[in-house]
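*Asks:* Below is the sequence, then the predicted model.
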Amino acid sequence: MAERLRTGDAVAARYATAMRVAIVAILAVWHLVYDVLIIARGWHAYESRAAAVIAWLLLTAVQAAGSILLLRGGSRPGVRVRHLLGVVALAAGVLAVLSYPTGQAVSDISWAWNTAGWCGVLLLLHRPLPELCALLAVNAAITVVAVAADGALDRVALSRLMVITCATAGVQLLFAIVGHRLDIVARQAAASALDQAAARSRAASDEAVHTSRRQRYAQIRDRVLPLLRGLADGSADPDDPAVRRDAGIEAGRLRRLFAETDDTPDPLLHELRSCADLAERRGVEVTFLVCGSTPDVPRPARRRLTEVVLRLLVSTASRARLTVLADDTGVTVGVTADAPIDVLNDLPAGLRVPVALVKETNEIWVDLRWDRLYASG
C-alpha cells in the first residue's frame, strides 16, 4: 500500500508540474504581450493612464510572485499568502476599471478582467475549487458593477456579459478542473499499473513454482519408480545392501525436498540436520558440529552439498561426524563416516569430490566447499 501511495504521488507530481508550467506560460504570454498591446493601442483613451500602469504593474507583481510560489512549492506556502495575492489581483482589476473611459468597461481597451482571472488560476490551482469560483465571481462582479455604474446595464449588455463570462471565467475554471481531475487520474493510473505489475509478477512466480514442482516430481519419479517397481516384482531384493542403500538415499532425498520448503533462518543447516536425522533413525551415532554463521547459500549449491552428505550418512555403519565451518566468504562441510569407499563412485556429473581414507579408524573423510566469490548458483 505504501508503495502504491509513493508511486501515485510521484506520477501525480509529474503531471502537476506540467500543469504548473502551462499556467505560468499562459499568463506570462497573456499579460506581457497581449495586455501590453491592448494598453498601447488605447493609451490615449484611458482616463487615468497612471492607474492603468499601476494596475498592470500590480498584476505583473502578482504574476511573478505566484509563478515562483507555484513552481517552487506546489500548494505551499500557506493559504493566507495566496489569498492575499488574490486580493491584490482583484484590487488591480478595480484600479484598471477606474482607468477605462465611461462606458468602456467591456470594450476593445479593457484588459484586466481576463488577467485577474488567470492570476486566480495561478494562485489557486491546487486549492479547493470553491475558492477559485469565489475569486472568479468577484472578478466578474467588478465588471458588472462598472457597467451598471456607467448606466449601460441593459438587456443587450447583460447578454454580452454572460457570453464573455462563459468565454473567460469558464475556460479558466475548466483549466483548474482539468488540473484537479488530472491529479486524480494520474494516481489511479499509477495504482492500476502497479496492480497489473503485481498480478504479472504473481503469475510469473506461480508459474516458476509450478515448473519447479514438476521438475522435482519428475526427478523423484525417475529415481523412485524403478526402485519401487523392482521391489514389487521381486527383481530387487530388500536384503541386498545396495538396494537398501538406494532406498535410504531416495528416502533422504524426499526428506531433503520437504526440508527445502520449510521457512527457516538457515536452510543449509536445516537440510543437513534432516540428513543427519535420517541416519540417527537407523541407530547411527551422528556428531553435528557448527562453527560460524552460515551465509545465504543458493538452493542448487545446497543440493550439491547435501547430496554428498546424504549418500555418506545413509551408507554409514555406526558413526559419523558432520562439521560445518562458515564465514562471510563461504561454507566448508566436512564429513567423516565409516561408510564404504565406493558409495560416492556413482555421483552425478559435477559432484566429483576427493575422498580420503583415515587408516586409523577405517573411515572415509570428505571436505566440501562453497565459495561466495566464485559461486554461480
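*Replies:* All right, it came through fine.
*Asks:* And the lengthiest helix in the chain, what does it pack against?
*Replies:* In the chain, taking DSSP state H as the definition, the longest helix is helix 155-233. If you count contacts as 3 or more Cβ pairs under 8 Å, 6 or more residues apart in numbering; DSSP states H and E, helix 155-233 packs onto helix 2-29, helix 112-124, helix 129-149, helix 241-260. In this view, the C-beta of every residue, glycine as well, is placed from N, C-alpha and C.
*Asks:* With respect to Ala193, which of the ones you listed lies nearest?
*Replies:* helix 2-29 (7.9 Å; Cβ to Cβ).
*Asks:* Now do the helix or strand immediately after that closest one in the chain: everything it contacts.
*Replies:* Sequence-wise, the next helix or strand downstream of helix 2-29 (DSSP states H and E) is helix 36-41. Residues outside helix 36-41 that contact it (Cβ atoms under 8 Å, 6 or more residues apart in numbering): Tyr46, Ala52, Trp56, Asp108, Ile109, Ser110, Trp111.
*Asks:* same thing but at 10 Å, please
*Replies:* 46, 49, 52-53, 55-56, 96, 99, 107-112, 114-115 (Cβ atoms under 10 Å, 6 or more residues apart in numbering).
*Asks:* in it, what's buried?
*Replies:* Within helix 36-41, the residues that qualify as buried are Ile38, Ile39, counting by 16 or more other Cβ atoms under 10 Å.
*Asks:* tell me the mean pLDDT over that helix?
*Replies:* For helix 36-41, the mean pLDDT works out to 90.
*Asks:* element containing Thr361?
*Replies:* Per DSSP H and E, there is no helix or strand for Thr361.
*Asks:* neighbours around Arg214, how many?
*Replies:* Look at Arg214: counted by other Cβ atoms under 10 Å, it has 10 neighbours.
*Asks:* Per the annotation, how does the protein divide into domains?
*Replies:* 2-195, 237-371 (automatic domain parsing).
*Asks:* looking at these, which is closest to Asp222?
*Replies:* Ranking the domains of the chain by their distance to Asp222 (criterion: Cβ to Cβ) puts domain 237-371 first, at 10.8 Å.
*Asks:* now the closest one, how far from the centre of its chain.
*Replies:* Centroid separation between domain 237-371 and its chain, computed with Cα atoms, centre = their mean, to the nearest Å, is 42 Å.
*Asks:* Stretch 28-38 now?
*Replies:* 44 Å.
*Asks:* can you pull the buried residues of stretch 167-183?
*Replies:* Neighbour counts over stretch 167-183 (16+ other Cβ under 10 Å) mark Thr168, Ala169, Gln172, Leu173, Phe175, Ala176, Gly179, His180, Asp183 as buried.
*Asks:* what does that stretch rub up against?
*Replies:* With Cβ under 10 Å, 6+ apart, stretch 167-183 has contacts from 8, 11-13, 15-16, 18-20, 22-23, 26, 113-114, 116-122, 124-129, 131-133, 135-137, 139-140, 143, 164, 166, 185.
*Asks:* Which of those are buried? Put it as a ChimeraX command.
*Replies:* Selecting only the buried entries of the contacts of stretch 167-183 in ChimeraX, with 16+ other Cβ under 10 Å as the criterion:
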select :8,11,12,15,16,19,20,23,113,114,116,117,118,119,120,121,122,124,125,126,127,131,132,135,136,139,140,143,164
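*Asks:* closest to Val209 out of the domains of the chain?
*Replies:* Proximity to Val209 (Cβ to Cβ) singles out domain 237-371 among the domains of the chain, at 10.2 Å.
*Asks:* So what would you say the end-to-end distance of the closest one is?
*Replies:* 41 Å (Cα to Cα, to the nearest Å).
*Asks:* likewise stretch 328-342?
*Replies:* By Cα to Cα, the extent of stretch 328-342 from end to end equals 34 Å.
*Asks:* can you check stretch 26-45 too?
*Replies:* Start and end residues of stretch 26-45 are separated by 27 Å (Cα to Cα).
*Asks:* Run the chain-centre distance for that stretch.
*Replies:* 47 Å.
*Asks:* count of residues packed around Ala204?
*Replies:* Ala204 has 10 neighbours, counted by other Cβ under 10 Å.
*Asks:* just Trp111 next, same as before
*Replies:* Neighbourhood size, Trp111 [other Cβ under 10 Å]: 26.
*Asks:* Can you flag which of the contacts of helix 36-41 belong to helices?
*Replies:* Taking DSSP H, the ones among the contacts of helix 36-41 that sit in helices are Arg49, Ala52, Val53, Ala55, Trp56, Ala96, Ser99, Ala112, Asn114, Thr115.
*Asks:* Show me which of those residues is closest to Gly86.
*Replies:* Distance to Gly86, by Cβ to Cβ, is smallest for Thr115 among the ones in helices among the contacts of helix 36-41, at 12.9 Å.
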